[in-house]
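A.B. asks: Provide a 3D model corresponding to the input given below.
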Amino acid sequence: MTNAAPETRKFEAEVAQVLHLVTHSLYSHKEIFLRELISNASDACDKLRFESIAHPALLAGEGELQIDVSWDPQARTVTVRDNGIGMSRDEVVANIGTIASSGTRRFLEAMSSQQKTDARLIGQFGVGFYSAFVVADRVTVLSRRADLPASEGVRWESDGKGEYTLAQADLPERGTAVILHLKADEDEFLKGWELRSLIRKYSDHVAFPIRMPKEEDGKPGNEWETVNDASALWAKPRSEISDEDYQSFYKSLGHDFNDALAWTHNRVEGSQSFTTLLYIPEQPPFDLMMGGRDERKGLKLYIKRVFIMDAAEELLPNYLRFVRGVVDADDLPLNVSREILQHNRQLERIRAACVKRVLDLLEKLSRDEPEKYATFYKAFGNTLKEGIGEDPANRERIAKLLRFASTKGDGAAQTVSLDDYISRMAMGQDTIWYITADSYAAALGSPQLEAFKAKGIEVLLMFDRVDEWMLNSLHEYEGKKLRNVAKGDLPLDEADKKQQEEASKAAEPLVHKLKELLGDRVGDVRVSARLTDSPSCLALSDYEMAPHLARLLREAGHDVPLAKPTLEVNPQHPLLKRVESEGDAVKAADLANLLLDQAEIAAGAQLPDPAAFVQRLNRLIVG
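C.D. replies: Below is the predicted model of the structure:
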């Protein structure tokens, strides 16, 4: 019963946007509302069970934690009720009236631009509650927090059109009830068998009993029965779990409509016993590379089947943040806190075991199911690369899993492993050569590759933003050094050295002239051993930042010092011969500067004066 007149409030602007998008975009997946409401109810039961460890009185009153789903054909309502932690008035406002998630704006943008993926996105940002308005024209929420008296219950109600009412209510039982007043054309959800079917499809492995009234003559009766499996799937022997069971559990765990790509389920016995059930998704959440770790992401930590927390940071390193699943430990302290977790040796062993299981699974996929691995790598390859710098202990294993495009590969597809490259190395070659750029086309077309192409030496083409960072930590693999074709001096045999020395000596007057014409724009000018067809390119020292990366960092607001480039030239190119013979000082300066401009553009650098480049080019074209 309500004790005071209800207060009317407006939704926060972003909530209104979410409601509009959800109600207009989920028409093809209407049944998702039941999965989301049951999942929220399960979370509430988990939270109460955890809080009751320190405060047993919270469980007073009702016994077993459970979720009830009922329907009323006459009133046209579906109700999902739990006896979990419940919410106070402030929590109702915070959890329903506003959205505090930092990912909400990204959710809104994705919903607007990728409505085909709407069902996959719901639930990833804690906005699954609003899917109730897909089937209901009015939603009522009754909730009382377990540590508050009956008189401090809360009644929330809204038609989802911009406002909601809030009132104090007398609620003798703790927990939350969500009552959906169905729209006129949603009769299918007023059938008991349909609701049972949806629960078994999406929520069968929720670890709390989900009860429904038994039907009598097609109507809900007075006797209740449990309609889900209501057991911890991960605690069962693998021989008793079908692939369909694994996939069903994954979908309820990960709020995903897609099947998992692969999974690994293991029980470790001994001085420290624990169970892991880890999944590799088929598709990434759209904010994966932003490092987002919203509440429902990562691994869930249980201790003796008591939910403790979503503990992605404690159980897996950041570069494996795409993994979903459950870890259930037998012998961690039940009063565990995040601070204890961060300094717990037992947990460190579990974390190491989780990393090993994931890498074992990925190695098996790459070896036995290359098509599946290609799907994984397309989705998560860049994230995996972060492990090269983050996880030195597993650097070699991670490097083995990486794939790249190559001058001998299949176009821009990243299919070449470091082992593939080594297997194709020429006799006597002891270096893995690569080039970095900001696109595949820029990498493949780089003038620095010309000498390597002429000699038939394979070069890996790296064009993802994370590559430059990764290569700061990946200096060798299987005893082979990794080297950038654009950095340092190229190793030359005796014949090539002699030819290079002769070319440099013959071009001394030209090099001197270029240095004078370019002045402070360059640090050095020299004859190139890299070029066969192009007139010029930039050469970098071994520790110099790639120009395209420096440009990206500056664009992102970072203070990157300007370094004077080293210009390498091909004296045999007609453009260099023209510079050599040009008597007009202005034209010679324009030609020399154009050589440097071209080299900088090819390297992905930002021209210091684009307007001057255009003027030079125009002068040379005109006359």
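
A.B. asks: Q168 pairs with what?
C.D. replies: For Q168, the beta-bridge partners are V154 (DSSP bridges).

A.B. asks: can I assume it is in contact with P149?
C.D. replies: No: taking contacts as Cβ atoms under 8 Å, Q168 lies outside contact range of P149: 11.3 Å. All C-beta atoms are positioned from the backbone trio N, CA, C, and that covers glycine.

A.B. asks: neighbour count winner among those two?
C.D. replies: Taking neighbours as other Cβ atoms under 10 Å, Q168 and P149 compare with Q168 leading, 18 against 11.

A.B. asks: measure the more buried one to I601 for me?
C.D. replies: 68 Å (Cβ to Cβ, to the nearest Å).

A.B. asks: D489 too?
C.D. replies: 24 Å.

A.B. asks: which one's more surrounded, these two?
C.D. replies: The neighbour count for D489 versus I601, taken as other Cβ under 10 Å, is higher for I601 (16 against 11).

A.B. asks: contacting residues around the closest residue in space to the more buried one that isn't next to it in sequence?
C.D. replies: Distances taken as Cβ to Cβ, 6 or more residues apart in numbering put L607 closest to I601, at 6.9 Å, once the chain neighbours are dropped. By Cβ atoms under 8 Å, 6 or more residues apart in numbering, the contact list for L607 reads D597, E600, I601, F613.

A.B. asks: lowest-confidence helix or strand of this structure?
C.D. replies: Of all helical and strand segments in the chain, the minimum by mean pLDDT, DSSP states H and E falls on helix 118-121, at a mean of 44.

A.B. asks: so, low pLDDT: which residues of this structure?
C.D. replies: 1-4, 13-15, 18, 21-28, 97-127, 285-297, 306, 310-312, 332-343 (pLDDT under 70).

A.B. asks: determine how far the host helix or strand of Q346 lies from the middle of the whole chain.
C.D. replies: Q346 is part of helix 345-368 when elements are defined by DSSP states H and E. On the basis of Cα atoms, centre = their mean, to the nearest Å, helix 345-368 sits 19 Å off its chain's mean C-alpha point.

A.B. asks: in that helix, what's buried?
C.D. replies: Within helix 345-368, the residues that count as buried by 16 or more other Cβ atoms under 10 Å are 346-347, 350-351, 353-355, 357-359, 361-362, 365-366.

A.B. asks: measure K577 to L518 for me?
C.D. replies: 18 Å.

A.B. asks: the more surrounded of those two?
C.D. replies: Taking neighbours as other Cβ under 10 Å, K577 and L518 compare with L518 leading, 19 against 13.

A.B. asks: tell me which helix or strand the more buried one sits in.
C.D. replies: L518 belongs to helix 508-518, assigned by DSSP H and E.

A.B. asks: I'd like to know which elements that helix is packed against.
C.D. replies: strand 524-527, strand 566-569, helix 574-581, helix 585-602 (3 or more Cβ pairs under 8 Å, 6 or more residues apart in numbering; DSSP states H and E).

A.B. asks: and the helix holding Q346, what does it pack onto?
C.D. replies: strand 262-268, strand 274-280, helix 312-315, strand 324-329, helix 370-385, helix 395-401.

A.B. asks: any idea which helix or strand comes after the second one?
C.D. replies: Looking back up the chat, that one is strand 274-280. As the chain continues past strand 274-280, the following element, by DSSP H and E, is strand 299-303.

A.B. asks: paired strands for that next one, with orientation please.
C.D. replies: strand 306-310 (antiparallel), strand 324-329 (parallel).

A.B. asks: thinking again about what came up before, would you put the C-alpha positions of the helix or strand that the least confident helix or strand of the chain is followed by in PDB?
C.D. replies: Counting by DSSP H and E, the element after helix 118-121 in chain order, helix or strand, is strand 136-144. Presented in PDB, the C-alpha positions along strand 136-144 are these (Å, rounded to 0.1, in the frame of the first residue of the first chain):
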ATOM      1  CA  ALA A 136       4.600  -3.200 -21.900                       C
ATOM      2  CA  ASP A 137       2.900   0.200 -22.200                       C
ATOM      3  CA  ARG A 138       3.300   0.600 -18.400                       C
ATOM      4  CA  VAL A 139       5.800  -0.800 -15.900                       C
ATOM      5  CA  THR A 140       5.500  -0.900 -12.100                       C
ATOM      6  CA  VAL A 141       8.400  -1.600  -9.800                       C
ATOM      7  CA  LEU A 142       7.900  -2.400  -6.100                       C
ATOM      8  CA  SER A 143      11.100  -2.700  -4.100                       C
ATOM      9  CA  ARG A 144      12.400  -2.800  -0.600                       C
END
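
A.B. asks: okay, now the sheet partners of strand 136-144, with direction.
C.D. replies: strand 153-158 (antiparallel), strand 175-182 (antiparallel).

A.B. asks: and the next helix or strand past the last one?
C.D. replies: Following strand 175-182 in sequence order, the next helix or strand is helix 192-202 (DSSP H and E).

A.B. asks: what's the spacing between the closest residue in space to D464 that isn't next to it in sequence and I388?
C.D. replies: Excluding its sequence neighbours, the residue lying closest to D464 (Cβ to Cβ, 6+ apart) is N382, at 5.4 Å. Computed as Cβ to Cβ, the N382 to I388 distance reads 11 Å.

A.B. asks: which positions within stretch 498-518 qualify as buried?
C.D. replies: Q500, A507, L510, V511, K513, L514, K515, L517, L518.
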